[in-house]
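Colleague: no sequence for this one, just the structure:
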């Protein structure tokens, strides 16, 4: 078993999960777009006798503009709430970065040690 086989076997379940979620998300997105198109047509047809063709389309466009504005406001507000983490002091950020790099280094060393021990064991087995 090679190092790349070990990595592939370790990542296979995560990749399969991401692939499944991506496919489900695409199906949901296509369904949502279809529903939005149908709702837009239905709303335009329902408003057309009272408001006229142009007025109905302007009302539907105004509703979409309002929804987009609300989405942007929610995004901005959520980003402002998340920003205190970005406002941490420079020494604290440096310490967190060093800790993360230490973890990555430790994992890399463990992988390389395991690989070298496996190669040594394989050579000893082949020499017998």
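Modeller: Here it is on my side, so go on. Predicted model only: the values in this text are computed from it and were never measured.

Colleague: next one: the lengthiest helix in the chain to chain centre, how far?
Modeller: Longest helix in the chain, counting residues (DSSP state H): helix 3-82. Put simply, helix 3-82 sits 15 Å off its chain's centre (Cα atoms, centre = their mean, to the nearest Å).

Colleague: and the next element down the chain from that helix?
Modeller: Next along the chain after helix 3-82, taking DSSP states H and E as the criterion, comes helix 90-127.

Colleague: how distant is that next one from the center of its chain?
Modeller: The chain centroid and the centroid of helix 90-127 are separated by 27 Å under Cα atoms, centre = their mean.

Colleague: shaky segments in this protein?
Modeller: Within the chain, the segments meeting pLDDT under 70 span 1-4, 7, 82-89, 122, 125, 128.

Colleague: domain parsing of it, as residue ranges.
Modeller: Here the domain assignment for the chain is 1-85, 88-128, based on automatic domain parsing.

Colleague: quick revisit: quick one: the longest helix of the chain to helix 90-127, angle?
Modeller: 170 degrees (axes from the mean of the first three to the mean of the last three Cα atoms, to 10 degrees).

Colleague: mind starting the numbering at 15 from now?
Modeller: Shifting the count to begin at 15 puts that one at helix 17-96.

Colleague: return the list of helices and strands in contact with helix 17-96.
Modeller: For helix 17-96, there is no helix or strand it packs on, judged by 3 or more Cβ pairs under 8 Å, 6 or more residues apart in numbering; DSSP states H and E. C-beta here means a position set from N, CA and C on the backbone, and glycine is covered the same way.

Colleague: what's the burial count for residue 27?
Modeller: Neighbourhood size, residue 27 [other Cβ atoms under 10 Å]: 9.

Colleague: residue 138 too?
Modeller: 9.

Colleague: dump the residue contacts of it.
Modeller: Residue 138 sits next to no residue when contact means Cβ atoms under 8 Å, 6 or more residues apart in numbering.

Colleague: now it: how far from residue 131?
Modeller: To residue 131, residue 138 is 11 Å away according to Cβ to Cβ, to the nearest Å.
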